[in-house]
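In: quick one: sequence plus predicted model below, questions after.
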Amino acid sequence: MAKLATYYIENHKIEVVKTLFGKEKVLLNGTQISEKTSGDTTQHHFEIAGHRYTISQRDSSQSEKMNAYQILRNESPIALINIESQTSIKILVLIVAIGLGLGFMVGVLVYNLVL
(Lines give C-alpha, C1' and ligand atoms only; values in the text may rest on other atoms or scores of the structure.)
Protein backbone atom coordinates (compact mmCIF):
# COMPACT_ATOMS: atom_id res chain seq x y z
CA MET A 1 0.00 0.00 0.00
CA ALA A 2 1.31 3.41 -0.97
CA LYS A 3 0.90 6.03 1.74
CA LEU A 4 -0.48 9.21 0.15
CA ALA A 5 -0.89 11.46 3.18
CA THR A 6 -0.50 11.55 6.95
CA TYR A 7 -2.23 14.10 9.18
CA TYR A 8 -2.57 14.53 12.94
CA ILE A 9 -5.96 15.68 14.24
CA GLU A 10 -6.44 16.08 18.00
CA ASN A 11 -3.62 13.59 18.76
CA HIS A 12 -5.07 11.06 16.31
CA LYS A 13 -3.06 9.87 13.33
CA ILE A 14 -4.99 9.96 10.04
CA GLU A 15 -3.42 8.17 7.07
CA VAL A 16 -4.62 8.01 3.48
CA VAL A 17 -3.26 4.98 1.62
CA LYS A 18 -3.85 3.54 -1.83
CA THR A 19 -3.97 -0.20 -2.47
CA LEU A 20 -2.80 -2.10 -5.53
CA PHE A 21 -6.43 -2.66 -6.51
CA GLY A 22 -7.21 1.06 -6.86
CA LYS A 23 -8.91 1.45 -3.49
CA GLU A 24 -8.26 4.41 -1.24
CA LYS A 25 -8.30 3.73 2.50
CA VAL A 26 -8.36 6.08 5.47
CA LEU A 27 -6.78 4.76 8.65
CA LEU A 28 -7.39 6.24 12.11
CA ASN A 29 -4.52 5.29 14.44
CA GLY A 30 -3.80 2.30 12.19
CA THR A 31 -7.42 1.08 12.08
CA GLN A 32 -9.30 1.28 8.79
CA ILE A 33 -12.30 3.60 9.03
CA SER A 34 -13.13 4.10 5.35
CA GLU A 35 -12.42 2.38 2.04
CA LYS A 36 -13.64 3.57 -1.33
CA THR A 37 -12.63 3.28 -4.96
CA SER A 38 -10.03 5.93 -5.69
CA GLY A 39 -11.28 8.78 -7.86
CA ASP A 40 -11.48 12.53 -8.21
CA THR A 41 -14.72 12.83 -6.24
CA THR A 42 -14.00 10.25 -3.52
CA GLN A 43 -14.97 11.51 -0.06
CA HIS A 44 -14.27 9.76 3.22
CA HIS A 45 -16.45 10.60 6.24
CA PHE A 46 -15.64 9.81 9.88
CA GLU A 47 -16.02 11.18 13.41
CA ILE A 48 -13.45 12.05 16.08
CA ALA A 49 -14.53 13.34 19.50
CA GLY A 50 -17.98 14.35 18.27
CA HIS A 51 -16.67 16.27 15.24
CA ARG A 52 -17.58 15.15 11.72
CA TYR A 53 -14.61 15.06 9.33
CA THR A 54 -14.53 14.72 5.57
CA ILE A 55 -11.39 14.05 3.55
CA SER A 56 -11.57 14.51 -0.20
CA GLN A 57 -8.98 14.76 -2.93
CA ARG A 58 -8.45 18.18 -4.47
CA ASP A 59 -8.50 18.48 -8.22
CA SER A 60 -5.09 18.01 -9.82
CA SER A 61 -4.68 21.70 -10.74
CA GLN A 62 -4.75 22.74 -7.06
CA SER A 63 -2.85 19.80 -5.59
CA GLU A 64 0.50 21.01 -6.99
CA LYS A 65 0.31 24.23 -4.95
CA MET A 66 -1.50 22.87 -1.88
CA ASN A 67 -2.10 19.63 -0.05
CA ALA A 68 -3.50 16.94 -2.29
CA TYR A 69 -6.39 16.46 0.15
CA GLN A 70 -8.95 18.85 1.58
CA ILE A 71 -10.11 18.23 5.13
CA LEU A 72 -13.38 19.57 6.50
CA ARG A 73 -14.39 19.58 10.18
CA ASN A 74 -18.14 20.02 10.64
CA GLU A 75 -18.33 21.20 7.00
CA SER A 76 -15.68 23.94 7.56
CA PRO A 77 -12.25 23.62 5.92
CA ILE A 78 -9.29 23.25 8.24
CA ALA A 79 -5.62 23.73 7.43
CA LEU A 80 -3.46 20.72 8.17
CA ILE A 81 0.03 19.91 6.98
CA ASN A 82 0.70 16.61 5.29
CA ILE A 83 3.67 15.29 7.25
CA GLU A 84 4.23 12.41 4.84
CA SER A 85 7.47 13.11 3.05
CA GLN A 86 6.68 13.33 -0.61
CA THR A 87 9.19 11.48 -2.76
CA SER A 88 9.93 13.69 -5.69
CA ILE A 89 10.68 11.89 -8.92
CA LYS A 90 11.71 15.19 -10.51
CA ILE A 91 14.54 15.70 -8.01
CA LEU A 92 15.70 12.10 -8.44
CA VAL A 93 15.77 12.48 -12.24
CA LEU A 94 17.67 15.76 -11.89
CA ILE A 95 20.30 14.16 -9.63
CA VAL A 96 20.72 11.22 -12.01
CA ALA A 97 21.00 13.56 -15.03
CA ILE A 98 23.62 15.72 -13.30
CA GLY A 99 25.55 12.60 -12.28
CA LEU A 100 25.50 11.23 -15.81
CA GLY A 101 26.50 14.61 -17.26
CA LEU A 102 29.39 15.04 -14.85
CA GLY A 103 30.49 11.45 -15.42
CA PHE A 104 30.49 11.98 -19.18
CA MET A 105 32.49 15.21 -18.88
CA VAL A 106 35.07 13.61 -16.58
CA GLY A 107 35.29 10.61 -18.90
CA VAL A 108 35.94 12.84 -21.93
CA LEU A 109 38.55 14.82 -19.97
CA VAL A 110 40.38 11.67 -18.85
CA TYR A 111 40.18 10.22 -22.37
CA ASN A 112 41.73 13.40 -23.84
CA LEU A 113 44.49 13.43 -21.20
CA VAL A 114 45.41 9.79 -21.85
CA LEU A 115 45.65 10.22 -25.62
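Out: Now that the structure is in, tell me what you want to look at. Numbering: from 1, shown residues only.
In: alpha carbons only for contacts and neighbour counts from here, please
Out: Will do.
In: any idea how far the helix ranked longest in the chain is from the chain center?
Out: Counting residues, the longest helix found in the chain (DSSP state H) is helix 89-114. Relative to its parent chain, helix 89-114 has a centroid offset of 31 Å by Cα atoms, centre = their mean, to the nearest Å.
In: same deal with stretch 68-87?
Out: For stretch 68-87, the distance to the chain centre is 11 Å (Cα atoms, centre = their mean).
In: contacts for that stretch?
Out: 3-8, 51-60, 62-63, 67 (Cα atoms under 8 Å, 6 or more residues apart in numbering).
In: again, only using 7 Å
Out: Outside stretch 68-87, the residues that touch it by Cα atoms under 7 Å, 6 or more residues apart in numbering are 5-7, 51-58, 67.
In: and if you look at stretch 50-63?
Out: 40-47, 68-74.
In: ok so, going back, next step: the contacts of stretch 68-87 restricted to strands.
Out: Residues of the contacts of stretch 68-87 located in strands (DSSP state E): 5-7, 51-57.
In: make a ChimeraX selection of the buried ones in the residues you listed.
Out: ChimeraX command restricting the ones in strands among the contacts of stretch 68-87 to the buried ones, with burial defined by 16 or more other Cα atoms under 10 Å:
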select :5,6,7,53,54,55,56,57
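In: low pLDDT regions in this structure?
Out: Scanning the chain for pLDDT under 70 picks out 1, 60-66, 84-88.
In: the domain parsing of it - what is it?
Out: Following automatic domain parsing, one finds the domains of the chain at 2-84, 86-115.
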